[in-house]
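**Q** Quick one, structure for this:
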Amino acid sequence: MNVVNDRTSFDKLNSISNYPTALIMKIFENVSEGIMITDKYKKIEMVNPAFEFVTGYKRDEVIGKSPAVLQSGIHELPFYISMWEKIRQDGIWQGEIWNRRKMGDIYPEWLTIFGVTNDEGEITNYCGIFTDLSERKIAEHELKKRLVTDSLTDVSNRFAYIERMNSLLESTSTISHSVQHAVYVLDLDRFKIVNDTLGHANGDAILVETAKRIQSLLKNKDIVARYGSDEFIITLTNVKNEREATSFAEQIISVIEQPMNIDGQDIFISTSIGISMHPKDGETAEELIHCADKAMSYSKKNGRSGYAFYFDELQTDSQRVLLLDAELRKAIENQEFELYFQPKIELEKQGIQGLEALVRWNNKKLGFVSPAEFIPYAEETGLIIPLSEIIFNKACEAVIELQKYGKNLPIAINVSSIHFKQQNFLESIQSILEHHGTPANNFEIEVTERTVMNSSAETVSKLVRLKQLGFRISIDDFGTGYSSLSYLVRFPLDCLKIDRSFIQHISSLDEKQAVVDAIIQMSHRLKMKVVAEGVEQAQQVDILRKMNCDIIQGYYYSKPLPMHELLEFIKFWEIEHQGRK
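**A** Residues are numbered from 1 along each chain as shown. Alright, predicted model coming up:
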């Protein structure tokens, strides 16, 4: 590729005038590399036929012009300044550069420019010799594509899928642990019989059509690969919950079951699907694939053309969704929920500043059901509204219970955006408080960024009204949504809670530490207190103390506790910290 590789070659080029003119012109006219010669003022004097062929410019169109006529616009001025400085110092420059053809398309070339000197050592001309790299780049791209693409279906291959999954999971771990992905392993039912009956060519056509149908359902960030002879694997990114994952599985089955016209006849195939959820079923690509594959095998055994979620103690497939719905409705009717309370510790005085109420549900049929499962489902179905009212009622009961023991600790309650946006939200909350005779100043309302982000007049009005009633207002999970402090000025906020995904990495990642520090400082400027949630290590506490964070919440001090354990915790805390304030 390189026309000039070292100083010796450069000297040979500089002495080219020693050869007969006829020989030089013969070489000049017939070499495949493009050649351009300028005078010492960098005005083009001569070009060869290869130059014309590559650039599209005829000789007469460029004679007397500057080589800048070929510039692509990709390289900025410092690139050319550096290039000519190299030529001035060493007499030569070579490297890859992008230029523009006469028709406007840009292309890569390997270019060597050297100065031609006279006997006195003065520059008389510059010579540029270049090789068009377009075909080589295309070939390299095609080779690279073949390394990561299944040659039959043109989707990713197994290797590329693993690479992309590892990259996805790595980026997800730095964003938030609330992000979920669904992994699907698909196996075409009875494909071997179809393949043997119709022949391998028709079998290949079925695989190609299957890949196209799957791709039609995907978005840009989703991943699909051919994972085996008749197996495909899909990652559906940023899934809200298992209900959404279920819906997608049903779409896959439906689209694959549509007849395929292969060689003039309609062929009907079906697929069995196994599903695993990140992070619930695994943190790595290998774990998620293993779980989805086991679920797929289970699906095949229990009837083809279906799907199953990976399960451990419980079968978390579509039947679980139906069971969850039925049991959740019964639980709301019978108020079968319990509140646990996580203390919030004020760093400066080392006192318990307040509590966050967290709902827990134990069910006879389902066992302990994670809030990460039943809360999103309740929001989807509208059951979150009666569930939220139960939580407010139980929080009022907790305030009364604490006051019996002489403890006046405000209780923070998470409010769903769906509940908050209801027309009668304020009225229902006021009614609950009046029923129990508990003033609003016993509570703190926690809303997420997404709840208030629209900044509508109604949102502002509701927050102002809550404030007037006596509630404290805080923004929960700050950093996972729009992460902009500017809009917070509009709202009557008392507190901002930094999401745990930032806190978990402040001991090891400088950029996370910088973000947390900036949030704390700006929040204080806006007269807001700051709560760091998800604190689990002494080192995190020390860093947050140096940043002047106001309040700490997390397992470092206490896990969420039922009322009787909370009372014990408060008693021991007060004894332990007596006289230290």
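**Q** Enumerate the beta-bridge partners assigned to residue 235.
**A** residue 183, residue 223 (DSSP bridges).
**Q** What is the burial count for it?
**A** A total of 25 residues lie near residue 235 under the criterion other C-beta atoms under 10 Å. Every residue, glycine included, has its C-beta placed from N, CA and C.
**Q** I'd guessed it sits against residue 165; true?
**A** Yes. Shown here, residue 235 and residue 165 form a contact pair, counting by C-beta atoms under 8 Å, at 6.2 Å.
**Q** what do those two both touch?
**A** 183, 223 (C-beta atoms under 8 Å, 6 or more residues apart in numbering).
**Q** how many neighbours does residue 278 have?
**A** Neighbour count of residue 278, defined by other C-beta under 10 Å: 24.
**Q** Give me the nearest residue to it, chain neighbours excluded.
**A** Nearest residue to residue 278, sequence neighbours excluded (C-beta to C-beta, 6 or more residues apart in numbering): residue 181, at 4.3 Å.
**Q** burial count for that neighbour?
**A** So residue 181, with other C-beta under 10 Å, has 22 neighbours.
**Q** and the closest residue to residue 258 other than its chain neighbours, what is it in contact with?
**A** Nearest residue to residue 258, sequence neighbours excluded (C-beta to C-beta, 6+ apart): residue 213, at 7.6 Å. Contact analysis of residue 213 by C-beta under 8 Å, 6+ apart lists 255-256, 258.
**Q** Pretty sure residue 111 sits in a strand.
**A** Yes. Counting by DSSP: H, G, I helix; E, B strand; the rest coil, residue 111 falls inside a strand.
**Q** Quick check: closest non-adjacent residue to it.
**A** Spatial nearest neighbour of residue 111, excluding adjacent residues (C-beta to C-beta, 6+ apart): residue 130 at 4.4 Å.
**Q** before we move on, what about residue 460?
**A** Nearest one to residue 460, counting by C-beta to C-beta, 6+ apart, is residue 490 at 6.2 Å.
**Q** just residue 83 next, same as before
**A** Nearest non-adjacent residue to residue 83, counting by C-beta to C-beta, 6+ apart: residue 93, 5.1 Å away.
**Q** what about that neighbour, how many residues close to it?
**A** Using other C-beta under 10 Å, residue 93 is surrounded by 21 other residues.
**Q** now swap in residue 326 and tell me
**A** The tally of other residues near residue 326 (other C-beta under 10 Å) stands at 11.
**Q** Check the gap between it and residue 412 for me.
**A** Between residue 326 and residue 412 the computed distance is 31 Å (C-beta to C-beta, to the nearest Å).
**Q** likewise residue 157?
**A** On the measure of C-beta to C-beta, residue 157 and residue 412 end up 50 Å apart.
**Q** Check residue 227 too.
**A** To residue 412, residue 227 is 46 Å away according to C-beta to C-beta.
**Q** neighbour-wise, which of those two wins?
**A** Between residue 227 and residue 412, residue 412 has the larger neighbour count (other C-beta under 10 Å), namely 25 against 22.
**Q** shouldn't that one be in contact with residue 358?
**A** No. Contact status for residue 412 versus residue 358: not in contact, 9.6 Å apart, counting by C-beta under 8 Å.
**Q** Name the residues of the longest helix anywhere in the chain that are buried.
**A** Secondary structure assigned by DSSP state H gives helix 384-404 as the longest helix of the chain. For helix 384-404, the neighbour count (16 or more other C-beta atoms under 10 Å) marks 384-385, 387-396, 398-399, 402 as buried.
**Q** can you list contacts of it?
**A** 332, 335, 337-339, 341, 357, 359, 375, 378, 408-409, 411, 413, 415-416, 418-419, 422, 428-429, 432-433, 435-436, 438, 442-443, 563, 567.
**Q** Return the residues in contact with the nearest residue to residue 362 once chain neighbours are set aside.
**A** Take residue 362 and drop its neighbours on the chain: the residue closest to it by C-beta to C-beta, 6+ apart is residue 368, 5.3 Å away. The contact partners of residue 368, taken as C-beta under 8 Å, 6+ apart, are 360-362.
**Q** Residue 368 falls within a helix, correct?
**A** No. Per three-state DSSP, residue 368 lies outside any helix segment and is strand.
**Q** heads up, I number from 20, so please use that
**A** With the count now opening at 20, the last piece we talked about shows up as residue 387.
**Q** ok, so what distance separates it from residue 419?
**A** Distance of residue 387 to residue 419, given as C-beta to C-beta: 27 Å.
**Q** just residue 292 next, same as before
**A** According to C-beta to C-beta, residue 292 and residue 419 sit 50 Å apart.
**Q** same check, this time on residue 437
**A** 28 Å.
**Q** got it, and residue 252?
**A** 54 Å.
**Q** do residue 87 as well
**A** 82 Å.
**Q** What of residue 477?
**A** Distance from residue 477 to residue 419, counting by C-beta to C-beta: 32 Å.
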